[in-house]
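**Student:** build me a model from this:
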Amino acid sequence: MANVIMIQGTMSNVGKSLLVAGLCRIFKQDGYKTAPFKSQNMALNSFITNQGLEMGRAQVMQCEAAGIEPAVQMNPILLKPTNETGSQVILNGEVLGTFSAKEYFNMKKSLLPEVKKAYDTLAKTYDIIVIEGAGSPAEINLKKDDIVNMGMAQLADAPVLLAGDIDRGGVFAQLIGTVMLLEKQEQQRIKGLIINKFRGDMALLKPGIAMLEEKCKKKVLGVVPYLSVDIEDEDSLCQRLEQKQKKGILDIAVVHFPHISNFTDFNRLEAIEGVSLRYVKKAWELKQPDMIILPGTKNTIEDLLFIRQEGLESAVKKLVQKGVIVFGICGGYQMMGKELCDPYGIEKKATIRGMELFDMKTTFEKQKTTTRVKGMFLNVLGDLKELSQKKFEGYEIHMGKTEGHRQSPFVKIAQSSQLDGAQNGNCYGTYVHGIFDEEETAKALINALCQKKKIDSNILLKNTVNWQSYKQKQYDLLADAIRNSLDMEQIYNILKGGG
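**Tutor:** Below you'll find the predicted structure:
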């Protein structure tokens with residue numbers, strides 16, 4: 001069976017996902033076959049495996065760091081919020097149903113055998129498993145039926161490293177308070193503390209570390225600096241979604257829906273020097289971009305009503321009339337049609353008018369489409385004609401069926417020869433996530449935007465690097481920083497039971 005270690009945090013967004021990714025990379029570098037694991041993840045960023053199963057993207061990112069193929073056993077439960085009080089529950093990669101918070105809380109203990117089965121499958125295959133917790137283990141109102149923090153640590157008999165975020169302030173209270181609120185046997189599972197996201201003079205921190213170790217009776221295993229690595233973020237708390245200022249040669253505005261999902265679709269474009277990719281919530285923030293992207297969403301109808309109420313829909317349509325390119329993906333693509341119909345109440349039992357940029361209708365169905373795809377752009381019309389015949393790879397995650405009438409299709413799916421998407425003037429749409437990740441596709445898009453703007457695309461593309469190589473370099477930078485910050489000798493001792 002695999003050796004195991006677990007990263008828990010004092011609260012959400014303390015950097016657990018990146019710490020797990022960094023440790024996975026270090027163990028890989030040191031010759032160990034390593035897998036990440038998170039029993040329950042709540043996120044709208046998801047991924048489709050080669051088996052057509054859905055899992056959280058954070059564990060996919062950690063798999064990339066570990067150099068392994070993602071498998072749904074690494075994230076057996078995925079919660080995708082549909083509103084303020086309910087989520088769609090994905091179990092072992094497939095939809096179990098949509099439940100209120102109370103309904104899920106009452107049932108989640110019954111899912112523990114599935115969590116154990118998934119973990120045991122990995123433990124028989126890998127040398128090391130790095131488990132990620134969720135939120136805080138000290139949520140005393142939720143501890144009774146916990147399956148993701150100390151409950152998971154007990155199930156896997158995992159030693160725990162507890163991380164706190166010093167950048168947000170109050171790290172000593174975070175760590176001490178969390179330890180104090182745990183039961184004695186839970187406290188004994190904590191084998192070390194980590195202070196994360198540090199910026200400043202270490203000499204000023206040392207007295208605090210000494211007091212922290214005295215109060216907690218736990219060793220601080222390291223202080224990890226605030227890292228400037230370009231790696232996918234776990235959730236919408238990430239800084240990417242707060243980028244609003246136009247700084248680049250090309251300006252791409254992504255509409256920030258309340259239920260935005262899979263915004264990692266745009267990381268490839270954001271990595272190109274000279275491209276400003278910003279997220280907008282208000283109509284006045286749009287200004288005059290070179291392209292507007294309507295991204296994926298977990299609740300297409302609610303988010304369409306939101307942008308309609310905020311005046312964003314009207315602002316987008318006015319910019320379309322001025323020739324601005326609009327590109328919709330998945331839920332954003334569905335919005336661009338004439339009508340959205342939800343007869344079964346999948347999102348909201350209603351039929352509403354779409355943005356009327358495409359002559360098509362979307363009907364929400366009970367069956368969810370989850371599949372990886374390869375394909376090719378068709379003869380693309382308008383300003384994005386540079387995309388014609390370019391190949392792409394990606395995945396589809398949606399519960400709607402879209403039927404067009406007099407609309408030109410946009411892409412062709414290789415596996416099924418199915419025509420997908422729509423194009424009309426300078427409006428384009430598709431169900432395919434990750435459609436910009438291929439090098440040739442990204443370059444063709446940049447070329448097209450530069451031609452429209454009458455600027456030389458070489459200014460932006462001359463320094464571009466291979467996207468996959470770029471990501472691997474970022475994982476190495478992450479591993480180097482964590483290896484230099486943490487007491488890795490002691491962490492190996494903890495892994496082997498000597499903590």
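**Student:** which strands and helices sit next to the helix or strand harbouring V373?
**Tutor:** Using DSSP states H and E, V373 sits in strand 360-377. Applying 3 or more Cβ pairs under 8 Å, 6 or more residues apart in numbering; DSSP states H and E, one finds that strand 360-377 contacts strand 46-48, strand 339-341, strand 391-404, strand 411-413. All C-beta spots, glycine's among them, are computed from the backbone N, C-alpha and C.
**Student:** quickly run through the sheet partners of that strand, with directions.
**Tutor:** When pairing is defined by DSSP bridges, strand 360-377 lines up against strand 339-341 (parallel), strand 391-404 (antiparallel), strand 411-413 (antiparallel).
**Student:** tell me the buried residues in it?
**Tutor:** For strand 360-377, the neighbour count (16 or more other Cβ atoms under 10 Å) marks M360, K361, T362, T363, F364, K368, T370, T371, R372, V373, G375, F377 as buried.
**Student:** what distance do you get for the last one to L18?
**Tutor:** Look at F377 and L18: by Cβ to Cβ, to the nearest Å, they are 34 Å apart.
**Student:** circling back to that earlier point, mind putting the strands paired with strand 360-377 into CSV with mean neighbour count?
**Tutor:** CSV is the format used below for the strands paired with strand 360-377 (neighbours: other Cβ atoms under 10 Å):
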stretch, mean neighbour count
strand 339-341, 18
strand 391-404, 19
strand 411-413, 21
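**Student:** please name whichever of those is nearest to A210.
**Tutor:** Closest of the strands paired with strand 360-377 to A210 is strand 391-404, at 49.0 Å (criterion: Cβ to Cβ).
**Student:** quick one: mean pLDDT over the closest one.
**Tutor:** Strand 391-404 shows a mean pLDDT of 91.
**Student:** list the buried residues for stretch 186-199?
**Tutor:** Within stretch 186-199, the residues that qualify as buried are E186, Q187, R189, I190, K191, G192, L193, I194, I195, N196, K197, F198, counting by 16+ other Cβ under 10 Å.
**Student:** residues in contact with the residue nearest to I307 when sequence neighbours are not counted?
**Tutor:** Closest residue in space to I307, ignoring its immediate chain neighbours: E313 at 4.8 Å, by Cβ to Cβ, 6 or more residues apart in numbering. By Cβ atoms under 8 Å, 6 or more residues apart in numbering, the residues touching E313 are L304, I307, M355.
**Student:** kindly report the same for V275.
**Tutor:** G248, I249, L250, I252, L269, I446, L460.
**Student:** what pLDDT does the model give it?
**Tutor:** So V275 comes in at 92 (pLDDT).
**Student:** what's the answer for E84, then?
**Tutor:** Model confidence at E84, given as pLDDT, is 75.
**Student:** from E302, how far off is it?
**Tutor:** E84 is 11 Å from E302, by Cβ to Cβ.
**Student:** number of nearby residues for G248?
**Tutor:** 17 (other Cβ atoms under 10 Å).
**Student:** now do A43
**Tutor:** There are 24 residues near A43, going by other Cβ under 10 Å.
**Student:** show me where the stretch 301-450 of the chain dips below the pLDDT cut-off.
**Tutor:** 405-406 (pLDDT under 70).
**Student:** okay, now the sheet partners of the helix or strand hosting D251, with direction.
**Tutor:** Element membership for D251, per DSSP H and E: strand 250-255. The pairing partners recorded for strand 250-255 under DSSP bridges are strand 275-280 (parallel), strand 291-294 (parallel).
**Student:** what about the first one, distance to the chain center?
**Tutor:** If you compare the mean C-alpha spot of strand 275-280 with that of the full chain, they lie 17 Å apart, counting by Cα atoms, centre = their mean, to the nearest Å.
**Student:** tell me the buried residues in the helix or strand following it?
**Tutor:** Toward the C-terminus, strand 275-280 is succeeded by helix 283-286 as the next helix or strand (DSSP H and E). Going by neighbour count (16+ other Cβ under 10 Å), the buried part of helix 283-286 is A283, E285, L286.
**Student:** what do you get for stretch 146-155?
**Tutor:** D146, I147, V148, N149, M150, G151, M152, A153, L155.
**Student:** next one: stretch 25-42
**Tutor:** Result for stretch 25-42 [16+ other Cβ under 10 Å]: buried residues 25-28, 32, 34-42.
**Student:** farthest pair in the residues you listed?
**Tutor:** Y32 and M42 (28.9 Å).
**Student:** tell me, which helix in this structure spans the most residues?
**Tutor:** helix 467-485 (DSSP state H).
**Student:** compute the inter-axis angle for the helix or strand just after that one and helix 467-485.
**Tutor:** Sequence-wise, the next helix or strand downstream of helix 467-485 (DSSP H and E) is helix 488-495. Here helix 488-495 runs at 90 degrees with respect to helix 467-485, directions being taken by axes from the mean of the first three to the mean of the last three Cα atoms, to 10 degrees.
**Student:** ok, residues contacting helix 488-495?
**Tutor:** By Cβ under 8 Å, 6+ apart, helix 488-495 touches 3-5, 23, 26, 128, 159, 161, 191-192, 219, 221, 499.
**Student:** 10 Å instead, please
**Tutor:** 2-5, 23, 26-27, 30, 32, 127-128, 130, 158-161, 191-192, 194, 219, 221-222, 482-483, 487, 498-499 (Cβ atoms under 10 Å, 6 or more residues apart in numbering).
**Student:** all strands of the stretch 101-250 of the chain, in order?
**Tutor:** Counting by DSSP state E, counting those that start in this stretch, the stretch 101-250 of the chain has strands at residues 128-132, 160-165, 190-198, 220-225, 250-255.
**Student:** enumerate every residue touching M202.
**Tutor:** Going by Cβ under 10 Å, 6+ apart, M202 touches I209, V223, P225.
**Student:** run a quick check on the last one versus L205, I expect a contact.
**Tutor:** It refers to P225. No. Using Cβ atoms under 10 Å, P225 makes no contact with L205, being 11.3 Å away.
**Student:** so what sits against both of the two?
**Tutor:** What both P225 and L205 touch, as defined by Cβ under 10 Å, 6+ apart, is the set I195, F198.
**Student:** and the host helix or strand of S314 with strand 275-280, angle?
**Tutor:** For S314, the host element (DSSP H and E) is helix 312-321. If you take the same axes, to 10 degrees, helix 312-321 sits at 150 degrees to strand 275-280.
**Student:** mind giving me the packing neighbours of the helix or strand that helix 312-321 is followed by?
**Tutor:** The helix or strand immediately downstream of helix 312-321 is strand 325-329, counting by DSSP H and E. Here strand 325-329 touches strand 250-255, strand 291-294, strand 296-297, helix 312-321, helix 331-335, strand 422-424, strand 427-430, helix 439-453, going by 3 or more Cβ pairs under 10 Å, 6 or more residues apart in numbering; DSSP states H and E.
**Student:** and the fourth one, what's buried?
**Tutor:** Right, helix 312-321. So helix 312-321, judged by 16+ other Cβ under 10 Å, has buried residues L312, E313, A315, V316, L319, V320.
**Student:** tell me which two in those residues are the farthest apart.
**Tutor:** Every pair in these was compared (Cβ to Cβ); the two farthest apart turn out to be L312 and V320, at 12.6 Å.
**Student:** next, show the common contact partners of those two.
**Tutor:** Common contact partners of L312 and V320 (Cβ under 10 Å, 6+ apart): I292.
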